[in-house]
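*Asks:* The following block contains a protein sequence and its predicted model.
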Amino acid sequence: MGNKKKLKLAAIIDGPGWNHTSWQHPDMPSDAGENIDFYVQQAKLAEDAKFESLFLIDVSHVGPGNIPHYLSMFEGVSIMSALAMKTERIGLSITASSSYTDPYNIARQVLSLDKISRGRVSLNAITSNPGGMVNFSRGHLSKADQYPMHIEFLEIIRNLWDTYEDDAFVRDKENGIFLNPHKMHLTNYRGKYFSVEGPLNISRSVQGRPVLYTAGSSPTFVDIATTYTDGAFIGGFSMEETKHTAMALRRKLDEKQRNQDNFIIATSQNPIVGRTDAEAHQKYMELAVLNRYQRIAPPLFLGSAESVADEIQEWHEQGIMDMLIIKQDHPYGLRDFIELVVPILQEREIFHTEYEETTLRGNLELPKPAFRNF
Ligand SMILES: Cc1cc2nc3c(=O)[nH]c(=O)nc-3n(C[C@H](O)[C@H](O)[C@H](O)COP(=O)(O)O)c2cc1C
């Protein structure tokens, strides 16, 4: 199948890699997960390359024995607020877990960040597998509660983001009218897990609502994503596995009569590229030798820039992904991808050369949702 939209690119910019030892690479700042200079440098790199978005994953199940990055990382809204002031066009995506946070707080934080960045924000609302130490008073959920609670969370957030119609705040000084109260709508939600009356205390986004994703792999996830969100973040240990989930999402979108073009299927890979296959393998070996006790799996996208661009093009054209989220284990993973692969994707006209719009939703080619048009 073809993909009508151009490929979208995002960059996971936090942390010194996604295994136990890549922080030991001589060129990796070992404190990368809480080093503001590192985040700013990576954000600017991605923005100069016209990536649609920065992306942060999140970890709620913290505990001894986690990979180092999980134990030394900035909280998402805080770091994205700083990056909003250091960037101008690139999107800012944070991840938050419905299993451990209250929807009112997240709705408020994310919409505030959206205003600060003038419409560049997305929320990846996830569930969290029970695990780690007990750090939240609610404790760990049973598996059976995760998705029912997630549905409530998503419904409330969407309602709260549409508390006010676009022109609700009149701010007419002469006549002393700040708000048209008829254009304020309460949420009045009473669920099993959350009860929220509303109103939220911030006006509607210039994007309509911040872009909303969720992540997972199960049939329940597929059903929820295609009902509530603008996009889905899916895992991919192989092309076949990723394709399986992507096609399940596409079938469900069709079933629900949702236009596939108005939905973003995103997956994350950690490419290691070189000018030649040999150079890429050399970079992979730099990481592999750091871990003498465990094999670090070679990335799916490993090799010369041409061969990696070919694979990306194939995944995109087959509809396996609309957005590729680059994460890095190698200290130059993102830089190399930008220098070597992005120009090829641009030459082939798969990836854009300039930001088309000012909002993230615009750059993702997603329509602005009308008020309370769920
Ligand atoms: C691609 C992907 C990204 C995820 N990102 C996170 C994350 O950042 N933090 C987290 O706690 N869980 C994350 N998860 C876990 C999911 O939110 C979910 O709890 C898990 O996949 C179980 O749901 P499922 O059975 O529907 O797959 C992620 C899962 C996938 C597949």
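*Replies:* Perfect, I can see it now.

*Asks:* make it CA atoms for all contacts and neighbour counts henceforth
*Replies:* OK.

*Asks:* pretty sure residue 71 is touching residue 62, no?
*Replies:* Yes. Counting by Cα atoms under 8 Å, residue 71 touches residue 62, with 7.0 Å between them.

*Asks:* Give me the contacts around stretch 102-117.
*Replies:* 77, 80-81, 84-85, 88, 96, 120-123, 153-154, 156-157, 160-161, 194, 196, 200-202, 205, 210 (Cα atoms under 8 Å, 6 or more residues apart in numbering).

*Asks:* Using PDB, write out every CA atom in it.
*Replies:* Below are the C-alpha coordinates for stretch 102-117, written out as PDB (Å, rounded to 0.1, in the frame of the first residue of the first chain):
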ATOM      1  CA  ASP A 102      -4.400  12.400  37.500                       C
ATOM      2  CA  PRO A 103      -6.000  13.500  34.200                       C
ATOM      3  CA  TYR A 104      -6.700  17.100  35.500                       C
ATOM      4  CA  ASN A 105      -3.000  17.700  36.300                       C
ATOM      5  CA  ILE A 106      -1.800  16.300  33.000                       C
ATOM      6  CA  ALA A 107      -4.400  18.100  31.000                       C
ATOM      7  CA  ARG A 108      -3.400  21.400  32.600                       C
ATOM      8  CA  GLN A 109       0.300  20.900  32.300                       C
ATOM      9  CA  VAL A 110       0.200  19.800  28.700                       C
ATOM     10  CA  LEU A 111      -2.100  22.600  27.600                       C
ATOM     11  CA  SER A 112       0.100  25.100  29.400                       C
ATOM     12  CA  LEU A 113       3.100  23.700  27.600                       C
ATOM     13  CA  ASP A 114       1.200  23.900  24.400                       C
ATOM     14  CA  LYS A 115       0.500  27.600  25.000                       C
ATOM     15  CA  ILE A 116       4.100  28.300  26.000                       C
ATOM     16  CA  SER A 117       5.300  26.700  22.700                       C
END
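
*Asks:* longest helix in the protein, by residue count?
*Replies:* As assigned by DSSP state H, the longest helix anywhere in the chain is helix 143-161.

*Asks:* any idea how far that one is from the chain center?
*Replies:* 18 Å (Cα atoms, centre = their mean, to the nearest Å).

*Asks:* I'd like the numbering to begin with 29 instead of 1 from here.
*Replies:* Okay, using 29 as the starting number, the last item reads as helix 171-189.

*Asks:* buried stuff in it?
*Replies:* Within helix 171-189, the residues scored as buried using 16 or more other Cα atoms under 10 Å are 174-175, 177-182, 184-189.

*Asks:* With stretch 315-327 instead?
*Replies:* 315-316, 318, 324, 327.

*Asks:* One more: stretch 240-253?
*Replies:* 240-245, 249-250, 252-253.

*Asks:* mind listing the helices for the stretch 29-178 of the chain?
*Replies:* Applying DSSP state H, counting those that start in this stretch to the stretch 29-178 of the chain gives helices spanning 64-76, 104-112, 131-144, 171-189.

*Asks:* The ligand is nearest to which of those helices?
*Replies:* With Cα to the nearest ligand atom, the closest approach to the ligand among the helices of the stretch 29-178 of the chain belongs to helix 171-189: 7.9 Å.

*Asks:* and the closest one with helix 131-144, angle?
*Replies:* Helix 171-189 runs at 50 degrees relative to helix 131-144, counting by axes from the mean of the first three to the mean of the last three Cα atoms, to 10 degrees.

*Asks:* Contacts for helix 171-189 next, please.
*Replies:* With Cα under 8 Å, 6+ apart as the test, helix 171-189 has contacts from 126-127, 130-132, 134-135, 139, 153-158, 214-215, 217, 219-222, 224, 226-228, 232-233, 237, 248-249, 252, 256, 400.

*Asks:* What of stretch 303-311?
*Replies:* 300-302, 330-333, 358, 368.

*Asks:* Contact partners for residue 362?
*Replies:* Residue 362 sits in contact with 39, 70, 354-356, where contact means Cα under 8 Å, 6+ apart.

*Asks:* Now it: which helix or strand?
*Replies:* Per DSSP states H and E, residue 362 falls inside helix 361-364.

*Asks:* what does the average pLDDT come to for that helix?
*Replies:* Averaged across helix 361-364, pLDDT comes to 96.

*Asks:* need the contact list for residue 114.
*Replies:* 68, 72.

*Asks:* How about the one 4 residues further on?
*Replies:* For residue 118, the contacting residues are 74-75, 78-82, 148, 388, by Cα under 8 Å, 6+ apart.

*Asks:* hmm, back to that, closest to residue 374 out of the buried residues of stretch 240-253?
*Replies:* When the buried residues of stretch 240-253 are ranked by distance to residue 374 (Cα to Cα), residue 241 comes first, at 26.0 Å.

*Asks:* how deep is the nearest residue to residue 369 once chain neighbours are set aside tucked in, by neighbour count?
*Replies:* Using Cα to Cα, 6 or more residues apart in numbering and skipping the chain neighbours, the partner closest in space to residue 369 is residue 333 (5.1 Å). Other residues within reach of residue 333, judged by other Cα atoms under 10 Å, total 26.

*Asks:* same check, this time on residue 371
*Replies:* Look at residue 371: counted by other Cα under 10 Å, it has 18 neighbours.

*Asks:* host element of it?
*Replies:* helix 370-375.

*Asks:* Give me the contact list for that helix.
*Replies:* For helix 370-375, the surrounding residues in contact (Cα under 8 Å, 6+ apart) are 77, 333-334, 337, 341, 379-381.
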